[in-house]
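Asks: build me a structure from this.
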Amino acid sequence: MSTKPIVRIACDAMQFFEIDLPDGVDPETYADSDETRAQFADLVSSLETIN
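Replies: Model prediction:
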């Protein structure tokens, strides 16, 4: 069984999200990338439409 690293980022004091890392990327570099920011912005936006 293969375990992939995940990135955990706190968007604010009450919300935590986890995403799968693409294969072969550096977690710290990926966490600070525009791609990750866009992915988390989509997650936060989807929560705002639910609430």
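
Asks: as a check, name the ranges of all helices in the protein.
Replies: Applying DSSP state H to the chain gives helices spanning 27-31, 34-50.

Asks: for Phe17, find the nearest of these.
Replies: For Phe17, the closest of the helices of the chain is helix 34-50, at 5.2 Å, according to Cβ to Cβ. C-beta coordinates here come from the backbone N, C-alpha and C atoms, glycine included.

Asks: quick one: list the elements packing against that closest one.
Replies: Where contact means 3 or more Cβ pairs under 8 Å, 6 or more residues apart in numbering; DSSP states H and E, helix 34-50 is packed against strand 6-10, strand 16-20.

Asks: same thing but 7 Å
Replies: For helix 34-50, the packing partners by 3 or more Cβ pairs under 7 Å, 6 or more residues apart in numbering; DSSP states H and E come out as strand 16-20.

Asks: if we can go back for a sec, least confident of the helices of the chain, on average?
Replies: Confidence, taken as mean pLDDT, is least for helix 34-50 of the helices of the chain (a mean of 78).

Asks: re the thing from before, what would the helices of the chain look like in a markdown table with distance to Glu18 and mean neighbour count?
Replies: Shown next, in a markdown table, are those (distance: least, Cβ to Cβ, whole Å; neighbours: other Cβ atoms under 10 Å):
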| stretch | distance to Glu18 | mean neighbour count |
| --- | --- | --- |
| helix 27-31 | 12 | 12 |
| helix 34-50 | 10 | 11 |
